[in-house]
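Asks: Any chance you could fold what I've pasted below:
(chains A and B)
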Amino acid sequence: MAMTSPHDGHADNDLIEQLSDYIDRGETPPDDFLNRAPENRIAFDALSRFRSMAQDILDEDVSAEPERDDSWVAGILTNIHREARAGRSIPVSHSSPKADLSLTEGAVRGLIRAAGDSVAGTFIGRCRLEGDVTTPGSPVTVNVDASVFWGERMPQTAQRLRDAITTSLLHHTELNIVAVNVTITDVHLRRNPKDA
Amino acid sequence: MSVTGSDERSPLSDATDAILAARAADGDLRAFEVLVRRHGPLMRAYATRILGSNSDSDDVVQETFITAWERLPELQDPAATKAWLMRITSRKAIDRIRARRQDQPLGEWDAPAPESESPHQQAEAASQRERLTRALGTLSEAQRQCWTLREIGGHSYAEIAEELDLPPSTVRGLLARARQKLMQEMEEWR
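Replies: Numbering: from 1, shown residues only, chains lettered A, B, ... in the order given. As a prediction, the model looks like this:
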């Protein structure tokens, strides 16, 4: 190993590799290693400092960016393929035998989300229709995850969600809903209070 | 529902990443839009750090979110959406670099960066961030990428080795050289 003069101020590569192994394993080197030579301690402190600077640097980069117009968001949204999420096809009856109507599973999930979101302080997350929705009249269970606003009373909120979803599905679909199960998976707070 | 972004704040913007990612996986474009707005700027900053300039970072961000939309149904832990997006971003950024250097194996682009301005001229650099950014500018591209993936992206040596298509021992050496160089550059300004 190349020796480093204590006065040139530069830790040698070998020392940095050893210290890196500790730091990258999330460990602090043993004291006798750090105390063996001043440059060991200096190098370790410097590397630890770089790490903590690195943790913040992206947030600082974002803050330093000038405000941008919205075109980048639109550019992304117009380029994604929405059809991929349509799911199963749910038949809808019609008075004319010649008509062949159907609703996509994705559209029903959209109805369920909209119904859930209309209940104050809640957001619907994942949403699943269990059962053979492609056969009219077969029993269907709705399982949804939901998030409630911090401080809401969960049992009452879950009941309101169930009611809203059941009512909406009765109105808008012919599905034979036997149960609506709501699992509260998350609690949310108000973000960006300045915009509220 | 309009596809173009509106300035109006979405009611969904209070929702957690987990809820938004689950909804987007189910096909909710509005939830996805909130994720794009929430994390897009950070992904752009990350791409810029990996690429070394912002000339391609908008393209990387766009590719990242298009891929994210397609793969959201596979995301195991929707609460880890940000880390997952960062991983996609780094992969897309590295793909860019690879495409730029089609004729050259990645391991051989460890050429020294151009001489930096003298430390004395930079002494007045205002923030720590600016100083670190300038110091990073003195690294070779490979050193900077290893450092960025490790310290900002939190990747392991093995992951960096896989992404950059280098042996882990090379990654270890590049990281050590990157850190040594940063120490020199930063110390001279103290």
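Asks: Now do the contacts for B:Leu149.
Replies: By C-beta atoms under 8 Å, 6 or more residues apart in numbering or on different chains, the residues touching B:Leu149 are B:Ile50, B:Ser90, B:His155, B:Glu159, B:Ile160, B:Glu163, B:Leu164. For every residue, glycine as well, the C-beta is placed using N, CA and C.
Asks: The closest residue to chain B within chain A: what's its closest spatial neighbour, skipping adjacent residues?
Replies: Nearest residue of chain A to chain B: A:Arg85, at 3.0 Å (C-beta to the nearest C-beta). Leaving aside its sequence neighbours, A:Arg85 sits nearest to B:Gly27 (C-beta to C-beta, 6 or more residues apart in numbering or on different chains; 3.0 Å).
Asks: Tell me how many other residues surround that neighbour.
Replies: A count of neighbours around B:Gly27, defined by other C-beta atoms under 10 Å in any protein chain shown, yields 25.
Asks: which SS class is it?
Replies: At B:Gly27 the chain is in coil, as set by DSSP: H, G, I helix; E, B strand; the rest coil.
Asks: Pull the contacting residues for it.
Replies: A:Arg82, A:Ala84, A:Arg85, A:Ala86, A:Gly87, A:Gly106, A:Arg109, A:Gly110.
Asks: swap the cut-off to 7 Å and go again
Replies: Residues in contact with B:Gly27, defined by C-beta atoms under 7 Å, 6 or more residues apart in numbering or on different chains, are A:Arg82, A:Arg85, A:Gly106, A:Arg109.
Asks: now swap in A:Asp186 and tell me
Replies: A:Gly125, A:Ser147, B:Thr16, B:Ala18, B:Ile19.
Asks: Of those, which pair is most distant in space?
Replies: Largest separation among these by C-beta to C-beta: A:Gly125 and B:Thr16, giving 8.6 Å.
Asks: Which one of the contacts of B:Gly27 sits in the busiest neighbourhood?
Replies: That'd be A:Arg109 among the contacts of B:Gly27, by other C-beta under 10 Å, with 24 neighbours.
Asks: element containing it, please.
Replies: helix A:105-117 (DSSP states H and E).
Asks: what's that helix packed up against?
Replies: On a contact count with 3 or more C-beta pairs under 7 Å, 6 or more residues apart in numbering or on different chains; DSSP states H and E, helix A:105-117 meets strand A:122-130, strand A:139-149, helix A:154-172.
Asks: which of the ones you listed sits most buried?
Replies: Neighbour counts (mean count of other C-beta atoms under 10 Å in any protein chain shown) averaged over each of the helices and strands packed on helix A:105-117 peak at strand A:122-130, with a mean of 22.
Asks: who touches that strand?
Replies: A:105, A:108-109, A:112-113, A:116-117, A:140-148, A:157, A:161, A:185-186, A:188, B:12, B:15, B:18-19, B:22-23, B:26.
Asks: do the same with stretch A:144-161
Replies: Outside stretch A:144-161, the residues touching it (C-beta under 7 Å, 6+ apart) are A:112, A:116, A:119, A:121-127, A:182-189, B:15-16, B:19, B:22.
Asks: average pLDDT for it?
Replies: Stretch A:144-161 shows a mean pLDDT of 92.
Asks: so who does the residue nearest to A:Ser89 when sequence neighbours are not counted touch?
Replies: The shortest distance from A:Ser89 to any non-neighbouring residue, by C-beta to C-beta, 6+ apart, is to A:Ser102 (4.7 Å). Neighbour list for A:Ser102: A:Ser89, A:Ile90, A:Pro91, A:Val92 [criterion: C-beta under 7 Å, 6+ apart].
Asks: Looking at neighbours, which among these is most surrounded?
Replies: Highest neighbour count within these, by other C-beta under 10 Å: A:Ile90, with 21 neighbours.
Asks: Surely that one forms part of a helix?
Replies: No - looking at A:Ile90 with three-state DSSP, it is strand, so not inside a helix.
Asks: Enumerate the beta-bridge partners assigned to it.
Replies: Applying DSSP bridges to A:Ile90 yields these beta-bridge partners: A:Leu103.
Asks: Return the distance of it relative to B:Glu141.
Replies: From A:Ile90 across to B:Glu141, the span is 53 Å (C-beta to C-beta, to the nearest Å).
Asks: before we move on, what about B:Arg49?
Replies: Distance of B:Arg49 to B:Glu141, computed by C-beta to C-beta: 12 Å.
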